[in-house]
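Peer 1: Could you look at this predicted model? Sequence included:
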Amino acid sequence: MNAIQFISEMGYFHWFSLATLLLIVEVVLPGGFFLGAAAGAVFTGVLHLILGDLSWQWALMVYSLTSVVFSYLAVTRLRGLMQAQDDHPQLNNRLAGLIGAKGRLVLGAGHSPKVKIGDTLWAIADTDGLAEGMMVVVTDIVEDELLRCEAL
């Protein structure tokens with residue numbers, strides 16, 4: 001059996017089977033391309049089911065066009081929806097979680113100034129107007145590694 005003969009004998013069940021196979025491939029290799037091809041196969045299968053006798057030329061043309069259109073829509077439209085919408089963009093940023101925290105200033109001899117929050121010492125940017133043992137509040141992050149503090 002050659003390919004043209006097989007395609008000419010395809011019915012709606014074959015198109016739905018192709019769609020199922022393409023959806024399985026989409027699960028394994030996500031990206032939207034196979035999702036669009038599967039939607040094209042479903043569309044062609046439904047059209048074949050409604051019209052009954054659909055020539056293989058028309059079936060391939062409908063499948064080709066709808067696969068391209070649905071793939072384009074899947075890649076462009078659905079990708080924007082699947083982007084992570086985060087309510088807490090600073091969730092994994094430990095320093096950002098410290099803004100507003102209160103601690104005690106520690107000025108070790110020969111060491112950079114630090115603020116003790118809980119049982120952890122955090123480096124601070126400057127100590128202008130601050131003295132050893134003073135209670136401070138974290139107000140900002142400087143250079144992604146240092147805290148800026150103000151006296152309470």
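Peer 2: Structure's in. What do you need?

Peer 1: so what's residue 150 bridging to?
Peer 2: residue 137 (DSSP bridges).

Peer 1: just for this protein, where's the confidence low?
Peer 2: Low-confidence segments of the chain (pLDDT under 70): 1, 80-86, 89-90, 108-110, 144.

Peer 1: domains of it?
Peer 2: Following automatic domain parsing, one finds the domains of the chain at 3-82, 96-151.

Peer 1: nearest to residue 88, of those domains?
Peer 2: Nearest to residue 88 among the domains of the chain is domain 96-151; the distance by Cβ to Cβ comes to 9.6 Å. Heads up, the C-betas are built off the backbone N, CA and C, glycines and all.

Peer 1: end-to-end on that closest one?
Peer 2: Terminal residues of domain 96-151 lie 19 Å apart, using Cα to Cα, to the nearest Å.

Peer 1: In JSON lines, list the domains of the chain along with distance to residue 88.
Peer 2: As requested, the domains of the chain are exported to JSON lines (distance: least, Cβ to Cβ, whole Å):
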{"stretch": "domain 3-82", "distance to residue 88": "19"}
{"stretch": "domain 96-151", "distance to residue 88": "10"}
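
Peer 1: Let's have the ones you listed in a markdown table, adding mean neighbour count.
Peer 2: Shown next, in a markdown table, are these (neighbours: other Cβ atoms under 10 Å):
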| stretch | mean neighbour count |
| --- | --- |
| domain 3-82 | 15 |
| domain 96-151 | 14 |
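
Peer 1: which stretches of this protein form strands?
Peer 2: Taking DSSP state E as the test, the strands found in the chain are 102-106, 114-117, 120-123, 135-142, 146-151.

Peer 1: In TSV: those strands, plus distance to residue 67.
Peer 2: Output for the strands of the chain, formatted as TSV (distance: least, Cβ to Cβ, whole Å):
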stretch	distance to residue 67
strand 102-106	60
strand 114-117	57
strand 120-123	55
strand 135-142	49
strand 146-151	54
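
Peer 1: Which one of these lies nearest to residue 12?
Peer 2: Set against residue 12 and scored by Cβ to Cβ, those come closest in strand 135-142, at 60.1 Å.

Peer 1: what angle do that closest one and strand 102-106 make?
Peer 2: The directions of strand 135-142 and strand 102-106 differ by 90 degrees, with axes from the mean of the first three to the mean of the last three Cα atoms, to 10 degrees as the criterion.
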